[in-house]
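Chemist: Just to be clear, the model below is a prediction. Sequence and coordinates:
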Amino acid sequence: MVKIISRQALGTQPVFDIGVSSDDHNFLLANGLIASNCFNKSHSTAYGYVTYQTAYLKANYPIEYMAALLTTNSGDQDKVQRYIASCMAMNIRVEPPDVNRSGIDFTPLEDRILFGLGGVRNVGMGPIESLLSAREEGPFKSLADLCDRVDSRTVNRRALEALIYCGAFDTIAPNRQQLIKDLDLVIDWAQSRAKDRASGQGNLFDLFSSTAIKEAPASFETAPKAPPTPDFPQQEKLRLEKEILGFYISDHPLKALRESARVLAPISLSDLNDYKEGTSISAIVMLTSVKPVVTKKGDRMAIIQIEDLTGHTEAVVFPKSYERIHQHILADARLMVWGKVDRRDEQVQFIIDDAEPIESVRMVMVELDPTLASDIEQQHRLRTVLLQQRGEDDKAKVSVVAIVSAQDKRHFVRFGPQFRVQDDQAAMNALTKAGFQARVSSLATA
């Protein structure tokens, strides 16, 4: 296969339909001309038809299409995370697994997609089949009800823990930590009842008549419970959820910033491969792991794993930058990072030059009416003020955003990186002094 590294328009050129008799269609030498990848018409027609079909399904049946795509790629976490991000962009919600609704695969519902039980770690096909079989009798009312109805030899403690941590019991009992505390007690209770049934002893309620049973409390209501306990903190709940599913589903530490982050237009990590080496970029990320490193010279640096709503990648903080921002390089930290694309051994990584906690990221907002925004003289004045606030050491990282109000709508226009300023307060004061309506806004509240 030939890798195309550049292309150039040559205007109108003669085109030949070359017939290939050999089975080897990668290269063909004819009259001094070389053709690459000479596929016959039936091959290209099939590709075109499949492309049309998938485009039609995505446009007309987006929920069913994305559910099928997620199911097909359920074994590839990178692709699943990217497709879940695509669902978010399409306003399609992907809900966590549910013991009462989920099947094996991702399931399309009216306006959302339900996560499949087959994508939950530590829950194999045996436990899933046992659970689905027991569910045919009716929905589970509680953890105890489920444990009482499924085979404890198949659906063991490990599988039940995974289902609790990933949120599969949330519609029954949303307090995940309480369920974990209850689990051992409920398992022992359910196993005891199973032994009684196997030996033919039954329990007290089994001796009642059918009429009395209807009036008696359901058997699972007699199951023991641990003392009341508060739920896991949100950050811990999400961490455990990700540990089981491989990514966040019920929420994401960066999800609340998705809309406001669009104003700053940082890259998505899933698009990192599209940038040339050395390209200056910024991203809003979460640090999932931090590995401190000491160089041969004794300098400290770090190799970290970062992720956003679309994917994850490796990043490096070299000694000079690490000395300046090391206090921010912590696991689970939410940061806006600035740096460059680096390619080594066909692998792409993010070289981080600077970083700032999300809560500290500021933007300078300039209110402009359409008349002012289209006035060349005013544009020049605004440009001059911003360039004066940039500084001379190329360290400016505060973005400037224009808000243009027209016909009851507000349009946000981010100025290019050459108009970033060093000090948000100084820039706001300079703009106000020049007659512009300016304010400082934080990313978290934009």
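Modeler: That came through fine. It should be emphasised that the depicted structure is a prediction, and the values quoted were computed from it without experimental measurement.

Chemist: which stretches of the protein have low pLDDT?
Modeler: In the predicted model, the chain carries pLDDT under 70 at residues 1-6, 14-42, 200-219, 265, 393-394, 445-446.

Chemist: 80 instead, please
Modeler: Across the chain, residues meeting the criterion (pLDDT under 80) sit at 1-44, 198-221, 259-266, 345-346, 372-373, 391-395, 406-408, 444-446.

Chemist: Break it into its domains for me.
Modeler: What automatic domain parsing lists as the domains of the chain is 61-245, 255-359, 361-445.

Chemist: Make a markdown table from the ones you listed and add mean neighbour count and distance to Tyr49 to it.
Modeler: Bear in mind the C-beta positions are built from the backbone N, C-alpha and C, glycine included. Output for these, formatted as a markdown table (neighbours: other CB atoms under 10 Å; distance: least, CB to CB, whole Å):
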| stretch | mean neighbour count | distance to Tyr49 |
| --- | --- | --- |
| domain 61-245 | 17 | 17 |
| domain 255-359 | 16 | 28 |
| domain 361-445 | 16 | 41 |
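
Chemist: okay, which residue is most central for this structure?
Modeler: For the chain, the residue nearest the mean C-alpha position is Leu309 (3.0 Å; CA atoms, centre = their mean).

Chemist: Could you tell me how far that residue is located from Ile249?
Modeler: Leu309 is 12 Å from Ile249, where distance means CB to CB, to the nearest Å.

Chemist: Next, please give the residue ranges for the strands of this protein.
Modeler: 27-30, 33-36, 93-95, 107-108, 112-114, 280-294, 300-307, 312-317, 334-344, 347-357, 362-368, 399-406, 409-414, 437-442 (DSSP state E).

Chemist: Next, format those strands as a markdown table and append distance to Leu269.
Modeler: Listed next are the strands of the chain as a markdown table, based on distance: least, CB to CB, whole Å:
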| stretch | distance to Leu269 |
| --- | --- |
| strand 27-30 | 37 |
| strand 33-36 | 32 |
| strand 93-95 | 19 |
| strand 107-108 | 27 |
| strand 112-114 | 22 |
| strand 280-294 | 6 |
| strand 300-307 | 7 |
| strand 312-317 | 5 |
| strand 334-344 | 11 |
| strand 347-357 | 8 |
| strand 362-368 | 21 |
| strand 399-406 | 19 |
| strand 409-414 | 20 |
| strand 437-442 | 23 |
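
Chemist: closest one to Ile325 among those strands?
Modeler: When those are compared by CB to CB, strand 347-357 sits nearest Ile325, at 4.7 Å.

Chemist: Can you list the helices and strands that that closest one packs against?
Modeler: Helices and strands touching strand 347-357, as assessed by 3 or more CB pairs under 8 Å, 6 or more residues apart in numbering; DSSP states H and E, comprise strand 312-317, helix 319-325, strand 334-344.

Chemist: how about TSV for the ones you listed, with distance to Ser44 added?
Modeler: Shown next, in TSV, are the helices and strands packed on strand 347-357 (distance: least, CB to CB, whole Å):
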stretch	distance to Ser44
strand 312-317	34
helix 319-325	49
strand 334-344	32
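
Chemist: right, so of the ones you listed, which gets closest to Asp274?
Modeler: strand 334-344 (9.4 Å).

Chemist: What is the distance between the closest one and the centre of its chain?
Modeler: Chain-centre distance of strand 334-344: 18 Å, with CA atoms, centre = their mean, to the nearest Å.

Chemist: How about stretch 169-182?
Modeler: Here stretch 169-182 is found 24 Å from its chain centre; the criterion is CA atoms, centre = their mean.

Chemist: could the domains of the chain be laid out in CSV, adding distance to Gln13?
Modeler: Formatted as CSV, the domains of the chain follow (distance: least, CB to CB, whole Å):
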stretch, distance to Gln13
domain 61-245, 38
domain 255-359, 28
domain 361-445, 37
